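>>> pasting a predicted model and its sequence here:
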Amino acid sequence: MQNQANSIGYNFHSIGYNALIRAVSPISAPLHLCVRLLVIAALTYPAIAPCQDGPKDFAIARPGKVYAFPAGHGSHPDYKIEWWYLTGHLFSETQRRFGFEATFFRLAQRPEPTEPEGAFGDSQIYMAHMAITDVQQQAFYHEERFNREGWNAYARVGDLDVRNGNWSLVRNAGDGTLQLEGSIQSKGGFSLNLNPAKEHVIFGENGVSKKGRAESAASHYITWTRLLAQGTLQLGGETFQVKGTTWMDHEISSSQLDEDQTGWDWVSIQFEDGRELMAYMLRLRQGGYSPYSKLVWIEKDGTLTHLTPDQFSWHPGGDWTSPDTGATYPISPHFTAHDPLTGQDRTIHIHPLMPEQEMTGKLAGVPYWEGACDVVEKGKTIGRAYLELAGYVDGLTDQLK
């Protein structure tokens, strides 16, 4: 098994986030930084928040949000943080299997620029990561980047058009498809056309996905639960023609979690019958799960059924201990939930395609596990999934202080 990535020698804890941004002009390198976790946790804990202004200075996700598309797919700079997050399963013509991840982040340093930005502005920071899982070779490759405003990174307002270096995600206004371009250092990459097989959905109630008690602990959560992927993937000197399916989240927020939440388990599932499911379990410092955890069924026609933790059960399992970080992750959970379509309770198991799919977080000390999985019920494979496990090294709070 391989977990291949490089890192650069910036000590995040000693120089701090803002100092790093100001002292280091644009950074575009594999950072081994769990960007998604860093951003959300930073917004949760003001002592290490990467912005000098509190969430009160930004828009917050409120009920009754009226969405207008395609502008809703683009950037929302009046909010502090947003990301466009894709995971997918690809198959070559010979059925060689790959998983992939691609995430683009926009992180505001202040609500509005105080003066026009020059060539190297600092009101927005752009971060991104890419990963490929090679199932046949049991190898995992990843790369992560920082870029500041005015460098080779941006997120457009008005439609989906985001970039970080040679990585990009753009919506074609003509036919509504998406074009994703990514690479993993010099080891490989992909060029994929993504065609929505279903309309996007909006998770939460009345346009808001609540993550905690605080008014600001919420997001606007827009998702394409099934995109048909087609294109090329390069790895190990070979080029593969690939097809498959992709899941894409777009979250917009200015704060996410409560301070008593130390991490989460999140899964997206695409069933073979054309339905989907998303669940996140927010873990509490004192043990157990937050009542703001959710499980959502998505029907073929896009109808959503939201379940709260008292309506389903989540069971961690399949512990795997990382040789790099020492973290132990429950990479094979299962859950039991009432299926609104059949009216029956179902027990569904998540089986990882390989154990070693960890982002080791060597720069910021915030490892997390995110990997391609199969979905199994009564011994039969019924779909595909991506599982994310965060905060398993002393909790996110302790790691990011």
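Done, it's in.

>>> shaky segments in the stretch 201-350 of the chain?
Filtered on pLDDT under 70, the stretch 201-350 of the chain yields the residue ranges 256-257.

>>> please report phi then psi for residue 309.
Note on residue 309: backbone dihedrals following degrees, to the nearest 10 are phi -60, psi -20.

>>> again, but for residue 71
Dihedral angles of residue 71 (phi, psi; degrees, to the nearest 10) stand at phi -60, psi -30.

>>> repeat for residue 109
Geometry field for residue 109 lists phi and psi as phi -90, psi -20, criterion degrees, to the nearest 10.

>>> residue 311 now?
Here is the backbone geometry of residue 311 (degrees, to the nearest 10): phi -110, psi 0.

>>> report the separation between it and residue 293.
As defined by CB to CB, to the nearest Å, residue 311 lies at a distance of 11 Å from residue 293. In short, each C-beta sits where N, CA and C put it, glycine included.

>>> those two: which has the busier surroundings?
Counted by other CB atoms under 10 Å, residue 311 and residue 293 do not tie: residue 293 has more neighbours, with 23 against 12.

>>> assess the claim that that one and residue 280 are in contact.
Yes - contact between residue 293 and residue 280 holds when scored by CB atoms under 8 Å: they sit 6.1 Å apart.

>>> tell me what residue 190 is bridged to.
Taking DSSP bridges, one obtains residue 182, residue 233 as the residues bridged to residue 190.

>>> and it, what is it in contact with?
Neighbour list for residue 190: 90, 100, 132, 180-183, 231-234, 242 [criterion: CB atoms under 8 Å, 6 or more residues apart in numbering].

>>> need the residue closest to the centroid of this structure.
For the chain, the residue lying nearest the average C-alpha position, counting by CA atoms, centre = their mean, turns out to be residue 85 (4.5 Å).

>>> who does the helix or strand harbouring it touch, helix- and strand-wise?
Element membership of residue 85 [criterion: DSSP states H and E] is strand 81-92. Here strand 81-92 touches helix 35-44, strand 97-108, strand 188-196, strand 218-235, strand 238-255, strand 368-377, going by 3 or more CB pairs under 8 Å, 6 or more residues apart in numbering; DSSP states H and E.

>>> right, and those - which one's nearest residue 318?
In this view, these are compared for proximity to residue 318 by CB to CB, and strand 368-377 is the closest at 10.3 Å.

>>> give me the mean pLDDT for the closest one.
Strand 368-377 carries an average pLDDT of 95.

>>> direction included, what does the strand or helix carrying residue 296 pair up with?
Here residue 296 sits within strand 294-298, counting by DSSP H and E. When sheet partners are counted by DSSP bridges, strand 294-298 sits next to strand 276-284 (antiparallel), strand 304-307 (antiparallel).

>>> could you check the angle it makes with strand 218-235?
Note on geometry: by axes from the mean of the first three to the mean of the last three CA atoms, to 10 degrees, strand 294-298 and strand 218-235 are set 70 degrees apart in direction.

>>> then strand 294-298 to CSV, C-alphas only?
Once non-C-alpha atoms are left out, strand 294-298 reads as follows in CSV (Å, rounded to 0.1, in the frame of the first residue of the first chain):
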residue,chain,number,x,y,z
LYS,A,294,-28.6,14.2,10.4
LEU,A,295,-29.4,11.4,7.9
VAL,A,296,-31.2,12.3,4.7
TRP,A,297,-32.7,10.0,2.1
ILE,A,298,-32.9,11.4,-1.5
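
>>> what's the neighbour count on residue 345?
Counted by other CB under 10 Å, the residues lying close to residue 345 total 11.

>>> what do you get for the one 3 residues further on?
Counted with other CB under 10 Å, the neighbours of residue 348 add up to 22.

>>> I figured it hits residue 374, correct?
No - applying CB under 8 Å, one finds residue 348 not in contact with residue 374, separated by 10.9 Å.

>>> doesn't residue 332 lie inside a helix?
No - the assignment for residue 332, made by DSSP: H, G, I helix; E, B strand; the rest coil, is coil rather than a helix.

>>> could you check how far the closest residue to it other than its chain neighbours is from residue 277?
If the residues on either side of it in the chain are set aside, residue 332 comes closest to residue 318, at 2.5 Å by CB to CB, 6 or more residues apart in numbering. In this structure, residue 318 lies at 19 Å from residue 277, with CB to CB as the measure.

>>> right, I'll call it a day here.
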